[in-house]
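Engineer: Pasting the sequence and the predicted coordinates here, then a few questions.
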Amino acid sequence: MQTVRTSERRCFKRCRKRWEYEYIEGLQLVARSPKLWVGIAVHLALAAYHQDHFPGHVLAQHFKDEQKRLNYNKMDETDREALLEDQELADGMIEHYAKWDTEHRDFKVHAVEMYAEVPLTKEITLTMRADGLVEDDQGFWVLEHKTTTGIDADSVWLEIDDQASTYSWIFRQLNSGIGKVLSPSGELVPANKSTLVIPHIEGMLYNFLLKQAPVEVTLNKDNSVSRGSMNLKCTVEDYEEALRDAPPRGAPPVKDMDVYDDFLTKLRTKKWFHRLRVYRARAEMEGFLGLLTAEIAEMQRARKNPLIRYRNPNRDCNWDCSYFDICKGELEGLDMEVTREEKFIVEKQLSLPGVP
C-alpha cells in the first residue's frame, strides 16, 4: 500500500525532480536547517501549550535531543551560537504567543497532533497529520500552525490551496466510518471505533506566528524611552507602558511626542499573530475527488517513469531547495555521489513519527 501525504503532493506539483530526491530516493539533509528547526520546535511547544502542558519543558527536551543528534560539542562556535539563538527565538515566540492567546482565543481545543489515513484506491492511502481539531461558534475546524517571517493578513492563496479541501474530504470519509485514526495510546484504530471526536468540519483555521521574539524597550538613565528603541521588534503594549512610566509626568517631552506617536502608529500595524479561517463548502468539494484522483494517477506514472520527473526551475531554487547543488551538478553531467554522501542521509518516507 502506497502512502501519500499532503506535503508530498505539494512537492510533486512544485517540482517533480525535487519530489524524486525527497520522496523517491528519500534524501534528507544531515545538517541542521535553522528554518526547519525553529518551525518544528514551535510546533512541538504549541501542541503542549494547547493541551495545557508547560511548553518550556518540551522546548528544553527538544533542544537537548538536537544537541545530541548534532553532536553539539563538536560543532564550531558559529553553529553552536546559531543553535542557541534559535532556541531563544523559539522560547520567545511561545512566551509571547501564550500572552496573546490568553486574550484572543475564541475556540475550544478537542485534539492536537491528529493523525489519520483514508484509502483512496486499492493501492493508495491518503494521510493527514493535523496540528489540532478545534471548535468555535461556527463549527469544527482543522488547526494548522504556520511560522512565518512576515504575516500576510489576507493570504488569498490559501483560499485556493487544496490542503483545506484534502482535510475536509478526509474528515468526511472518517465521519462515514472509512479509514483509521491514531488513538491517544498510539494505535491506529478504525474511524468508527475511535474515541476521538470526528465531526463534519467547516475548513481550516490557520494560526500564524511571526518568526520573531519581541525585545524589551530600551530606557535612558533617567528612565525616559530611548530613541534607540524605535524599532519594530518591540510590542506596542510594551512601548506604550514605557512611555506612560517615562518622565516627566509619565510622558516624554512634548516636543518629542510627534515622533513617538508616528512610531506607535507603525507598531500598531505590525502583526505578530493572525488567525485565518478558510471555508470549504459543498460546492467547492464536489469536483475535488476527481482532481485528487487524477493528480495521484499522474504521480504514480512518475514513480514508474523517471523521464517524466522533470525539473521546474525558478528564481528561488538556489535558496529554497536543499537539492539545488546535486540537481545542477547532475544536469551538467557531474558525478554527485560524494556530495550526496556528505550532505544527505537516506530516510524511509513512509515511516511517520508516532505511527506504527
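Structural biologist: Yep, that arrived.
Engineer: Distance check, the residue nearest to residue 45 when sequence neighbours are not counted against residue 102.
Structural biologist: Leaving aside its sequence neighbours, residue 45 sits nearest to residue 55 (CB to CB, 6 or more residues apart in numbering; 3.7 Å). Quick note: C-beta positions are derived from backbone N, CA and C, even for glycine. Counting by CB to CB, to the nearest Å, the separation of residue 55 from residue 102 is 14 Å.
Engineer: So which of the two has more stuff around it?
Structural biologist: The neighbour comparison of residue 55 against residue 102 (other CB atoms under 10 Å) goes to residue 55, with 23 against 8.
Engineer: ok, the more buried one touching residue 92?
Structural biologist: No - contact criterion CB atoms under 8 Å: residue 55 and residue 92 do not qualify, at 12.0 Å.
Engineer: Make sure residue 283 is indeed in a helix.
Structural biologist: Yes - using DSSP: H, G, I helix; E, B strand; the rest coil, the secondary structure at residue 283 is a helix.
Engineer: From residue 276, how far out is residue 242?
Structural biologist: When distance is defined by CB to CB, residue 242 is 31 Å away from residue 276.
Engineer: Now do the same contact list for the residue nearest to residue 45.
Structural biologist: Residues in contact with residue 55 (CB atoms under 8 Å, 6 or more residues apart in numbering) are 45-46, 48-49, 94, 98.
Engineer: What is the nearest of the residues you listed to residue 184?
Structural biologist: Comparing the contacts of residue 55 against residue 184 with CB to CB places residue 48 closest, at 14.6 Å.
Engineer: re earlier: in helices, which of the contacts of residue 55 appear?
Structural biologist: Taking DSSP state H, the ones among the contacts of residue 55 that sit in helices are 45-46, 48-49, 94, 98.
Engineer: Please indicate which of these are buried?
Structural biologist: 45-46, 48-49, 94 (16 or more other CB atoms under 10 Å).
Engineer: can you list those in a markdown table and add distance to residue 232?
Structural biologist: Shown next, in a markdown table, are these (distance: CB to CB, whole Å):
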| residue | distance to residue 232 |
| --- | --- |
| 45 | 24 |
| 46 | 24 |
| 48 | 29 |
| 49 | 25 |
| 94 | 20 |
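Engineer: For the residues you listed, work out which two are farthest apart.
Structural biologist: Among these, 48 and 94 lie farthest apart (CB to CB), at 9.1 Å.
Engineer: can you list the weak-confidence ranges in the protein?
Structural biologist: The model of the chain has pLDDT under 70 over residues 32, 34, 153-154, 222-224, 227-231, 246-259, 348-356.
Engineer: Strands of that one, residue ranges please.
Structural biologist: For the chain, the strands defined by DSSP state E occupy 2-4, 27-29, 108-119, 124-136, 139-148, 180-182, 188-190, 201-210, 273-279, 344-346.
Engineer: Who are the packing partners of the last one?
Structural biologist: In terms of contacts (3 or more CB pairs under 8 Å, 6 or more residues apart in numbering; DSSP states H and E), strand 344-346 is packed against strand 27-29.
Engineer: any idea how far the strand it packs on is from the chain center?
Structural biologist: 19 Å (CA atoms, centre = their mean, to the nearest Å).
Engineer: Mind listing what's buried along that strand?
Structural biologist: residue 27.
Engineer: How is the protein divided into domains?
Structural biologist: Listed by automatic domain parsing, the domain ranges of the chain are 2-105+287-346, 108-211+273-280, 227-269.
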